[in-house]
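Asks: Sequence and computational prediction follow.
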Amino acid sequence: MDPHWNPRNALRAGPPQRVCTSPSTQRPRRCSRASRLATSLSLGLLILWPWQASAQWVTQSFDLVAGWNAVFLHVDASHQILDDLMADPAYQPIEEIWQWQPEVPVSRFTQTPALPADTGSPWSSWVRGQGPDAVLKRLEGNRAYLVRVRSDTPTFRWEIKGKPVVPRYTWTTTGLNFLGFATPADSPPTFEAFLRPAPELFNQLELFRYVGGPLGPANPAPVFALNTTRVRRGEAFWMRAGELYNRYFGPFAVQLPPSTSLEFGTDRSAASLRVRNLTPEDLQVTLSLQPSEPAPAGQPSIAAVPPLLLRGTRNPVDLTFAHTNLASPRSWTLRPAGQPGSEVEIALGVNRTAMTGTPGTLYAAVLVLTDHRSLARWELPVSASVGSRAGLWVGAAAVTHVRHYLTQYRRGPDGKPLMQQDGRYVIEGVNEDLGTVGRPYPLRLIVHMGADGGNAKLLQRVFVGPKPDGQVGLTTREELLDPAQLAHARRISAVHLPWSASNVPWPGVGALRAGTNVQVVVTVTHEDSANPFLHLYHPDHDNLNATFDQRVPRGEESYDIRREITLTPRAPADDFDSLTRGHDTIVGEYLERITLTGRTKPGRPQPESRTFEVRGRFELTRISDLETLTQ
């Protein structure tokens, strides 16, 4: 064994010590106490990030013995300050915790990445009684830790509840690899079985483990019996494999696209991951969905397991994707590494139509990936929250049917219409059936929903852009925008609705969700300049008499118009995209009844009127989630 490589070089007589890298040999060497302190303080600042509200919870257990123990966290417990966590009476035997942080940020390089500054340290620590002076504040996932237990303590179980993290590994040929593996907790494999798919690593591996007791020549101790030593989940090992740069940390690898997670939040539709076989033989990988444990105190409660869908094949006719429910496990057989079929893309989505509750209600669970050889168990967090329908929805209705109003007159033997004594033809019946149109007629729709998700508002036009306060907003008038930034603003209009200078929205009754209707009434008087029967420059449609000196009553040249619009959202289609995008796309049935009211004839109590009806379908897409509409 190389005498310069020894995990004990990463330790001093008591707690762990900084190991620096010599620029000439790239081997570990000791650093000064001052450099250790300076870097520990700087590293301590790196872990104080806000805890995300959406989380899934898993408890990881460790059986600790008196002295030094090496553990590897597969969960992130940074939701709780370490001082508060370790105040639990059951954890009093733990006196010190040291976190191994081998990565040296680029900002610490003085001249070149090959020459890190001496102020870098891969260790940060928590010591009982230090209080605010402790550098290590929280327990992160994907990290190895040394835990010192009081010498008079028998074996006890240390349980850490946290959010499962996707395993992430880094390897260095210097040998300072302090790692643990995501193996099944109930039946861990031996190192020989675990490394059988990676014979080069198995043949060159040098392995050290902590056996408890004080640090010294026998702790950490080398491991030679790889055929009987178990790769226990949660145990950390020092390891090296000569000049081999290792990429094997289990029989399969899981890859998420950059900046992607399985945290769907309130608005994400789908996410995908790739699973790749790293072994030279066929490998069956199984994906299952398991409930989260109850949330710790102070964290958002979890309503239920998210209704996950697994995307299937594409239909070549309508180009939609099939789907299956992930309520039961799903397995794939992957071909040997490097062969076609050795990896699979798994596309997942949340069936938001199956999520109930108020906005913000949290659904969370744990995705578990295992292999048929029981070598690995990867736990991935997945969550989604009920979203609000608030915001600006823009789309169109397509009129596909018009109700007829065809009068049929009674005819005599000669085929001519029969006439009554008052001079009117005898009506035999009126055909009011719905008939299709030659081509769908488009009608733009602009709808805004407020923060309460209640009654919708229909708009003739809306402006989107920067306001004078510097915030992007939704307004009903252009003058409410920042006049210096109108180039960055946009106007959206619906020309079939009557224009007005004030642009006051028409209030609706109902909300945009399946099982409800949105009803809006739009009225236009016979004298309104937006009335389509009124033409200011045509003498027959200007509401003036022949001498242009007196206005004529309603029904002479123009009519009052009443448009009763009903939007009936329907459940999305039974395909993957429709079910997962329901929070931002709404489809449904469009109904409009148009009533024209004219003059009141002598001897009749009610004015003349006629109602027309059109039907079709509509689709709305949310283009903004801003809850406030400035008027």
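Replies: Yep, that arrived.
Asks: Start from the N-terminal end of the stretch 501-631 of the chain and give the helices.
Replies: 576-580 (DSSP state H, counting those that start in this stretch).
Asks: pull the helix or strand with minimum mean pLDDT from the protein.
Replies: helix 33-45 (a mean of 29; mean pLDDT, DSSP states H and E).
Asks: Return the list of strands paired to the following helix or strand past that helix, each annotated with direction.
Replies: Sequence-wise, the next helix or strand downstream of helix 33-45 (DSSP states H and E) is strand 58-64. Sheet pairing for strand 58-64, assigned by DSSP bridges, gives strand 156-164 (antiparallel).
Asks: what does the strand it pairs with rub up against?
Replies: If you take Cβ atoms under 8 Å, 6 or more residues apart in numbering as the criterion, strand 156-164 is touched by 55-64, 71, 73-79, 85, 90-91, 93-94, 139, 141, 147, 149, 293, 296, 366, 379-381. Backbone N, C-alpha and C define where each C-beta goes, glycine included.
Asks: Buried subset of those, written for PyMOL?
Replies: In PyMOL, selecting the buried portion of these, with burial taken from 16 or more other Cβ atoms under 10 Å, looks like this:
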select buried, resi 55+56+57+58+60+62+64+71+73+74+75+76+77+78+79+85+91+93+94+139+141+147+149+366+379+380+381
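Asks: Let me see the backbone angles for the nearest residue to G131 once chain neighbours are set aside.
Replies: Leaving out its chain neighbours, the residue that sits closest to G131 by Cβ to Cβ, 6 or more residues apart in numbering is D83, at 6.8 Å. Dihedral pair for D83: phi -60, psi -40, per degrees, to the nearest 10.
Asks: wouldn't D83 be in contact with D133 here?
Replies: No. With contacts counted by Cβ atoms under 8 Å, D83 stays clear of D133, the gap being 10.7 Å.
Asks: what about the two, which has more around it?
Replies: More crowded of D83 and D133, by other Cβ atoms under 10 Å: D83, with 16 against 10.
Asks: Run through the strands of the stretch 51-200 of the chain in chain order.
Replies: 58-64, 67-73, 75-76, 94-100, 123-127, 143-149, 156-164, 177-179 (DSSP state E, counting those that start in this stretch).
Asks: Of all those, which one comes closest to E200?
Replies: strand 177-179 (15.5 Å; Cβ to Cβ).
Asks: So what are the sheet partners of that closest one and their directions?
Replies: Paired strands of strand 177-179, with direction, are strand 237-240 (antiparallel) (DSSP bridges).
Asks: Pull out the buried positions in the helix or strand containing N203.
Replies: N203 belongs to helix 199-204 when assigned by DSSP H and E. Neighbour-count burial for helix 199-204 flags 201-202 (criterion: 16+ other Cβ under 10 Å).
Asks: what about the strands of the stretch 51-200 of the chain, which gets the closest to G582?
Replies: Closest approach to G582 among those is made by strand 156-164 (27.1 Å; Cβ to Cβ).
Asks: I'd like to know how far Y169 sits from A253.
Replies: 10 Å (Cβ to Cβ, to the nearest Å).
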